[in-house]
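Peer 1: Predicted structure and sequence below. I'll ask about it afterward.
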Amino acid sequence: MLTASSLFIRHAYWIVFLWVLAEQLGIPLPSTPILLTAGALTATHHLDLSLVIVAAMGGSLVSDSLWYWLGKRFGGAMVRLLCKLSFESTVCVRKTEEYFAKRGPVSLLIAKFVPGLGTVAAPIAGQTDMPFQIFLLYDAAGILLWTLSVTLAGKFFGDVLQRHPQVLAWMGHSALLLVVLLFVGLLVWRVMQQRMFLREMRMARIFPDELKAQMDRGDEVFIVDLRHPLDYLPDPRTLPGALLLSPDKLKKQVGLIPTNREVVLFCTCPSEAISAKAALELRKVGISNVRPLYGGYDEWKKRGYPLVEIDMAIESARD
């Protein structure tokens with residue numbers, strides 16, 4: 001009779017390939033526990049380390065290549081779709097865009113090590129028109145570094161267990177249970193983190209109708225556009241009077257934000273995540289009258305409310 005452990009060993013390479021493929025396609029299934037388990041089993045010679053690495057790289061390269069071409073074809077829409085699936089949507093777009101702006105293709109070498117970045121890096125590479133050959137080279141190198149680090153960590157753990165046969169025997173019977181427990185723990189922690197953040201955000205946001213009414217009345221509302229320059233490429237417009245200020249610049253130039261006016265922040269991220277995070281940070285430095293715009297730029301545009309060209313917005317902000 002086959003046990004869960006023997007089933008895993010028999011189909012390990014396909015499990016690794018499909019699990020990594022699913023995670024990199026955007027499904028929130030952490031692959032680290034699977035790679036650690038596979039790495040530990042290479043220490044006991046149940047699995048071949050090189051085949052585990054090939055399986056993991058294959059799954060990641062297939063999904064990354066798909067997202068690259070989707071990003072090249074559909075741009076920021078694909079990035080936002082991925083972030084809606086990701087538990088790290090609060091940071092994934094912003095961090096990846098900043099990495100690409102500063103380091104270019106080299107950012108692909110470290111993307112897999114940063115939660116939330118490994119998946120969205122591929123469509124952003126396509127969005128920026130990075131040559132596919134260059135993308136494939138750096139992406140494969142980054143995947144190799146990530147896969148080696150995780151599987152070798154598992155192999156080291158397996159080597160330690162081999163010195164304690166009783167513990168190794170228990171691990172052999174309980175390997176699947178440990179993988180499940182580790183996976184469930186990661187899943188619960190990420191869900192709780194996301195829910196806490198969203199709860200705080202929903203208490204603060206302002207709806208487009210409300211902001212439009214304030215602007216029509218002539219209320220002094222200070223609007224900040226938090227989007228990255230890459231987000232302007234498909235539609236170089238913004239809200240009237242909006243100040244273009246990325247989250248990083250916002251932290252450095254917090255003195256520009258008035259304390260006696262209502263401050264509205266917006267972006268194009270899922271669930272106003274970046275706007276909400278920036279709002280919370282501003283509140284920590286004493287700017288309490290700040291709110292994220294519900295639906296961000298996309299919702300404002302969808303309702304047909306006024307928009308101005310980016311250059312006009314910059315001149316307006318400087319005045």
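Peer 2: Happy to help now that I have it.
Peer 1: For burial, what's the neighbour tally of residue 184?
Peer 2: Residue 184: 11 surrounding residues under other CB atoms under 10 Å. Just so you know, the C-beta spots here come from the backbone N, C-alpha and C atoms, and that holds for glycine as well.
Peer 1: what's near enough to touch it?
Peer 2: By CB atoms under 8 Å, 6 or more residues apart in numbering, residue 184 lies in contact with nothing.
Peer 1: got the domain boundaries for the protein?
Peer 2: With domains defined by automatic domain parsing, the chain comprises 4-201, 208-318.
Peer 1: would you turn those into TSV with mean pLDDT?
Peer 2: Compiled in TSV, these are given as follows (pLDDT from 0 to 100):
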stretch	mean pLDDT
domain 4-201	76
domain 208-318	82
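Peer 1: which ones are touching residue 104?
Peer 2: By CB under 8 Å, 6+ apart, the contact set of residue 104 is residue 130.
Peer 1: doesn't it fall inside a strand?
Peer 2: No. Residue 104 sits outside any strand when classified using DSSP: H, G, I helix; E, B strand; the rest coil, being helix.
Peer 1: Tell me how far it lies from residue 232.
Peer 2: From residue 104 over to residue 232 the distance is 19 Å, taken as CB to CB, to the nearest Å.
Peer 1: And residue 295, by the same measure?
Peer 2: For residue 295, the distance to residue 232 equals 18 Å [CB to CB].
Peer 1: could you pull out the strands for the stretch 201-319 of the chain?
Peer 2: Counting by DSSP state E, counting those that start in this stretch, the stretch 201-319 of the chain has strands at residues 221-225, 237-238, 243-244, 262-266, 290-292, 308-309.
Peer 1: Now mean neighbour count and distance to residue 6 too, for those, in CSV please.
Peer 2: As requested, the strands of the stretch 201-319 of the chain are exported to CSV (neighbours: other CB atoms under 10 Å; distance: least, CB to CB, whole Å):
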stretch, mean neighbour count, distance to residue 6
strand 221-225, 23, 57
strand 237-238, 22, 59
strand 243-244, 19, 59
strand 262-266, 24, 54
strand 290-292, 24, 51
strand 308-309, 14, 64
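Peer 1: Switch the ones you listed over to TSV; also include distance to residue 123.
Peer 2: Converted to TSV, the strands of the stretch 201-319 of the chain look like this (distance: least, CB to CB, whole Å):
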stretch	distance to residue 123
strand 221-225	22
strand 237-238	22
strand 243-244	23
strand 262-266	22
strand 290-292	24
strand 308-309	26
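Peer 1: Quick one, which of these gets closest to residue 51.
Peer 2: Ranking these by proximity to residue 51 (CB to CB) places strand 290-292 first, at 47.2 Å.
Peer 1: hang on, isn't residue 152 packed against residue 39?
Peer 2: Yes. Counting by CB atoms under 8 Å, residue 152 touches residue 39, with 6.4 Å between them.
Peer 1: Who has more neighbours out of those two?
Peer 2: residue 39 (25 against 15).
Peer 1: In contact with the more buried one, which residues?
Peer 2: Counting by CB under 8 Å, 6+ apart, residue 39 makes contact with 49, 52, 150-158.
Peer 1: residues touching the nearest residue to residue 303 once chain neighbours are set aside, list them.
Peer 2: In space, residue 303 comes closest to residue 208 once its chain neighbours are excluded; the distance is 5.5 Å by CB to CB, 6 or more residues apart in numbering. Residue 208 makes contact with 293-295, 299-300, 303, 305, according to CB under 8 Å, 6+ apart.
Peer 1: Need the max-distance pair from those residues.
Peer 2: 294 and 305 (12.6 Å).
Peer 1: okay, these two: which has more neighbours?
Peer 2: For residue 294 versus residue 305, neighbours defined as other CB under 10 Å are more numerous around residue 294 (20 against 15).
Peer 1: Nearest spatial neighbour of residue 123, chain-adjacent residues omitted?
Peer 2: Leaving aside its chain neighbours, residue 123 sits nearest to residue 71 (2.7 Å; criterion: CB to CB, 6+ apart).
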